[in-house]
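J.: here are the coordinates; sequence isn't available:
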């Protein structure tokens, strides 16, 4: 389980690659399946307005603990080998990666299901609050977009 | 749609990153969701025996066309922005990446579903044949593992 | 047996004072105009019962979608508070 | 009207010769001992009807799980073949 919050921009692929290399160095074996999700800040808001940046508030302490708890619980439920979560906090520019979830497992189905479920869990159960900044005006985003929005 | 076969080892993250950078350079906008799958050669075979390498035979011409067709059809069905497939051919060592599927879309649900569906489609509808090499003995793998195997 | 040497301990539920750290986040923090305060209240009071004392509008109920965390864990708004607890009111989450 | 100047054209279905390129892959290639041959057969013959002529065991039916591709596209084994077609017999796929 590797969970961290990032006040500065990060390269999502680099994060996953380094994490995986550390795991392989420690365990000596690459699991057969890796399922990844990368979420980026949309350039347009819910009303179609251009969004310059998102501001991401969190609850220091609780957010990290809660992410860790969600990751451990999802990993156990699906029997996967390892889970990684990276999440930005603070000001995140449009186009930047805001969240990365990566799951390694012996089988593709378990990796994919765990990755999807953990993403939904953290969107609804980890304390983060988004404010959209558009033309100098900040608006709190209440609740998450549905899966298909 | 970006589909290619690789007789030599490749870095899956580098492939996805370069592809995404080219897309953003062309379109100027990063889609909000990226769903990725990376499959690697297992170190153990179906009977638990250690596997040194997989040999991947394909049907030159048909395999590429069929992958392209599957990617286009899946992308249209789910309304995603872009799809990438990388697949090894020839001798692939244990632990090496054998397949990468990446999908960019505006919404996480469509990206995830398209990525999963395309992976299943290419496992069943693209002409590849695996031979497991174990202690100098090669055995053709008949059919694919189930999702949970 | 109740000892008369310990006057600070409650002899009946809800009588002793409890100091609670109350925290607000995001839209709730901005609507209320503060992010954190120390509050002396009664041991055993629940977040739901405490809310009307904090809300400037004096509403009885927690606003829809607001969740409660006690000591940085999600908790039922009907959980009794203890001295030293950290209580947070969390507006609807929007992460990821 | 049938012209007597064109003796190579069929006067009835299935009479003309067709040259077909037949390809085998993976386990099927190894079981049969060859990977490719040019075969002169009758226009309109189907892959299913051609198979017993290729199979050293002389089995009537395609082995279970074997699929057919004509001109590098999956096809029904009952599809009539044309002159110049590339026909492939594909053992069960195991990619990804």
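T.: In hand now; what should we look at? Fair warning: this is a prediction, and the values are worked out from it, not measured in the lab.

J.: Tell me the spacing between the residue sitting nearest the centre point of chain C and residue C:55.
T.: Ranked by distance to the mean C-alpha position of chain C (C-alpha atoms, centre = their mean), the top residue is residue C:47 at 4.0 Å. Distance, residue C:47 to residue C:55, using C-beta to C-beta, to the nearest Å: 12 Å. In this view, the C-beta of every residue, glycine as well, is placed from N, C-alpha and C.

J.: next one: residue A:77
T.: Residue A:77 is 38 Å from residue C:55, by C-beta to C-beta.

J.: more crowded one of these two?
T.: Set side by side, residue A:77 and residue C:55 give different neighbour counts by other C-beta atoms under 10 Å in any protein chain shown, the larger being at residue C:55 (17 against 13).

J.: Find the residue closest to the more buried one in space, skipping its chain neighbours.
T.: Using C-beta to C-beta, 6 or more residues apart in numbering or on different chains and skipping the chain neighbours, the partner closest in space to residue C:55 is residue C:32 (7.5 Å).

J.: so the one you found makes contact with residue C:54?
T.: Yes - between residue C:32 and residue C:54 a contact is recorded at 7.0 Å, counting by C-beta atoms under 8 Å.

J.: Residue 18: what secondary structure?
T.: Answering for chain A, as no chain was given. When classified by DSSP: H, G, I helix; E, B strand; the rest coil, residue A:18 comes out as helix.

J.: With residue A:26 instead?
T.: Under three-state DSSP, residue A:26 comes out as helix.

J.: Can you get me a residue count around it?
T.: Neighbours of residue A:26 under the rule other C-beta under 10 Å: 9.

J.: list the contacts for the residue in chain A that chain D sits nearest to?
T.: With C-beta to the nearest C-beta, the shortest gap between chain A and chain D falls at residue A:108, namely 8.3 Å. By C-beta atoms under 8 Å, 6 or more residues apart in numbering or on different chains, residue A:108 lies in contact with A:32, A:33, A:35, B:37, B:39, B:119, B:147.

J.: Could you give the number of residues near the first one?
T.: A total of 23 residues lie near residue A:32 under the criterion other C-beta under 10 Å.

J.: Next, give phi and psi for the residue nearest to the centre of chain C.
T.: Here is the backbone geometry of residue C:47 (degrees, to the nearest 10): phi -50, psi -40.

J.: wait, it sits on residue C:87?
T.: Yes - the pair residue C:47 and residue C:87 passes the contact test of C-beta under 8 Å, sitting 5.7 Å apart.

J.: if we can go back for a sec, any idea how far the residue nearest to residue C:55 lies from residue C:93?
T.: To residue C:93, residue C:32 is 18 Å away according to C-beta to C-beta.

J.: more neighbours, those two?
T.: residue C:93 (25 against 16).

J.: Tell me which stretches of chain A form strands.
T.: Secondary structure of chain A (DSSP state E): strands located at A:2-6, A:33-40, A:53-58, A:82-88, A:90-93, A:97-105, A:128-134, A:137-140.

J.: Direction included, what does the longest one pair up with?
T.: Right, the one you point to is strand A:97-105. Applying DSSP bridges, strand A:97-105 is found paired with strand A:33-40 (antiparallel), strand A:82-88 (antiparallel).

J.: and of these, who's closest to residue D:64?
T.: Nearest to residue D:64, of all the strands paired with strand A:97-105, is strand A:33-40, at 28.4 Å by C-beta to C-beta.

J.: got a list of contacts for the closest one?
T.: By C-beta under 8 Å, 6+ apart, the list of residues contacting strand A:33-40 reads A:12, A:16, A:20, A:95-108, A:110-112, A:114-116, A:119, B:30-40, B:108, B:111-112, C:96.

J.: repeat for stretch C:25-32
T.: Contacts for stretch C:25-32 (C-beta under 8 Å, 6+ apart): A:57, A:59, A:127, A:129, A:131, A:140, A:142, C:24, C:35, C:54-56, C:63, C:66, C:88-91.

J.: Kindly supply the ChimeraX command isolating those of the residues you listed that are buried.
T.: Filtering those down to the buried ones (16 or more other C-beta atoms under 10 Å in any protein chain shown) takes a single ChimeraX command:
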select /A:57,59,127,129,131,140 /C:24,54,55,66,88,89,90,91
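
J.: Among the contacts of stretch C:25-32, which are located in helices?
T.: In helices, defined here by DSSP state H, the members of those are residue C:54.

J.: Ignoring the adjacent residues along the chain, who's closest to whatever residue of chain A ends up closest to chain C?
T.: Nearest residue of chain A to chain C (C-beta to the nearest C-beta) works out as residue A:128 at 2.9 Å. In this structure, residue A:128 finds its nearest non-sequential neighbour in residue C:95, 2.9 Å apart by C-beta to C-beta, 6+ apart.

J.: Can you tell me how far that neighbour is from residue A:127?
T.: From residue C:95 to residue A:127 the distance is 8 Å (C-beta to C-beta).

J.: Need the overlap of contacts for those two.
T.: Overlap of the contact sets of residue C:95 and residue A:127 (by C-beta under 8 Å, 6+ apart) consists of residue A:58.

J.: got TSV for the strands of chain A, with distance to residue B:72 and mean pLDDT too?
T.: Formatted as TSV, the strands of chain A follow (distance: least, C-beta to C-beta, whole Å; pLDDT from 0 to 100):
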stretch	distance to residue B:72	mean pLDDT
strand A:2-6	36	97
strand A:33-40	23	97
strand A:53-58	33	96
strand A:82-88	32	98
strand A:90-93	32	96
strand A:97-105	27	97
strand A:128-134	34	94
strand A:137-140	38	92
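
J.: Could you dump those strands into JSON lines with distance to residue B:87 added?
T.: Listed next are the strands of chain A as JSON lines, based on distance: least, C-beta to C-beta, whole Å:
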{"stretch": "strand A:2-6", "distance to residue B:87": "29"}
{"stretch": "strand A:33-40", "distance to residue B:87": "15"}
{"stretch": "strand A:53-58", "distance to residue B:87": "36"}
{"stretch": "strand A:82-88", "distance to residue B:87": "24"}
{"stretch": "strand A:90-93", "distance to residue B:87": "34"}
{"stretch": "strand A:97-105", "distance to residue B:87": "20"}
{"stretch": "strand A:128-134", "distance to residue B:87": "37"}
{"stretch": "strand A:137-140", "distance to residue B:87": "44"}
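
J.: what sits against residue A:68?
T.: A:1, A:3.

J.: coming back round to it: now the phi/psi pair for the residue nearest to residue A:128, please.
T.: phi -100, psi -170.
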